[in-house]
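**Student:** only geometry, no sequence info:
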């Protein structure tokens, strides 16, 4: 994907998306379609955005038996999306099956979608992980472990907090894609996120892409908010 800033289109309908995109006339964006929007509008939403020239991260976080994930990824690849994801907790067999499905479903002459694995959601704290998931290891160790499994399975990268990027890069290499949600401006509310950083911090930590939602979509001047975030990223020293 061309832009380091992926805008999370956390809307309920196509109409809301169209209103938002009017703020960016004649501009090709990198956007994320999550479960809320996809389950509301379906593949037609993908087609509309692709026709307009936007790049799409289809964020459905697949986690199922390998055969189901493989068949689903085959269908998603046929939509022409640019990035998809699974939960690393599904295991290596499931992640390998996801890659097989993507390769099978990608139209001839087209580029296979980037496939990344969710390590731990940025809304998850170490206390919650240990108490509710019964994972006794430290959160950082768990994230690195899942990143290693994703690379072993042939995936292109992971979803993680930018705070964990340096550890992941050290463990699996800097060429492994890191997609980092939980990006907030200095004065913004954390909302339901726990492990958050600013755009400039994300770049300095080595993030490949940052996912930004409310700080752009809920801003009074959305274009200005996007421009400011990109400026912080571009001016950050790596």
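**Tutor:** Here it is on my side, so go on. Model, not experiment: these values are computed from the prediction.
**Student:** What's the mean pLDDT across the longest strand seen in the chain?
**Tutor:** Counting by DSSP state E, the longest strand found in the chain is strand 55-62. Summarised as a single mean, pLDDT over strand 55-62 is 98.
**Student:** Chain neighbours aside, what residue packs nearest to residue 100?
**Tutor:** Take residue 100 and drop its neighbours on the chain: the residue closest to it by CB to CB, 6 or more residues apart in numbering is residue 70, 5.4 Å away. C-beta here means a position set from N, CA and C on the backbone, and glycine is covered the same way.
**Student:** Next, find the distance separating the one you found from residue 177.
**Tutor:** For residue 70, the distance to residue 177 equals 21 Å [CB to CB, to the nearest Å].
**Student:** before we move on, what about residue 26?
**Tutor:** Separation of residue 26 from residue 177 (CB to CB) stands at 28 Å.
**Student:** of the two, who's got more company?
**Tutor:** Legend: neighbour count by other CB atoms under 10 Å for residue 26 and residue 177, higher for residue 177 (18 against 6).
**Student:** in the protein, which spans are helices?
**Tutor:** Taking DSSP state H as the test, the helices found in the chain are 14-21, 35-41, 43-51, 66-77, 92-105, 126-132, 139-152, 165-172, 199-205, 214-217, 222-235.
**Student:** Tell me which of those sits most buried.
**Tutor:** Most buried of those by mean neighbour count (mean count of other CB atoms under 10 Å) is helix 199-205; its value is a mean of 22.
**Student:** Report the central residue of the protein.
**Tutor:** What sits nearest the mean C-alpha location of the chain, by CA atoms, centre = their mean, is residue 179, with 5.2 Å.
**Student:** Dig out what that one forms beta bridges with.
**Tutor:** residue 159, residue 209 (DSSP bridges).
**Student:** how about it, what does it touch?
**Tutor:** Residue 179 makes contacts with 6, 57, 83, 116, 157-160, 207-209, 211, as judged by CB atoms under 8 Å, 6 or more residues apart in numbering.
**Student:** nearest to residue 77, of the residues you listed?
**Tutor:** Distance to residue 77 across the contacts of residue 179 (CB to CB) is lowest for residue 83, with 11.1 Å.
**Student:** Any idea which helix or strand in this structure has the lowest mean pLDDT?
**Tutor:** Least confident helix or strand, the chain: helix 126-132 with a mean of 92, by mean pLDDT, DSSP states H and E.
**Student:** Against which helices or strands is it packed?
**Tutor:** Packing partners of helix 126-132 (3 or more CB pairs under 8 Å, 6 or more residues apart in numbering; DSSP states H and E): helix 139-152.
**Student:** Please state the mean pLDDT value computed over the helix it packs on.
**Tutor:** 96.
**Student:** from the middle of its chain, how far away would that helix be?
**Tutor:** Averaging C-alpha positions (CA atoms, centre = their mean, to the nearest Å) puts helix 139-152 16 Å from its chain's average.
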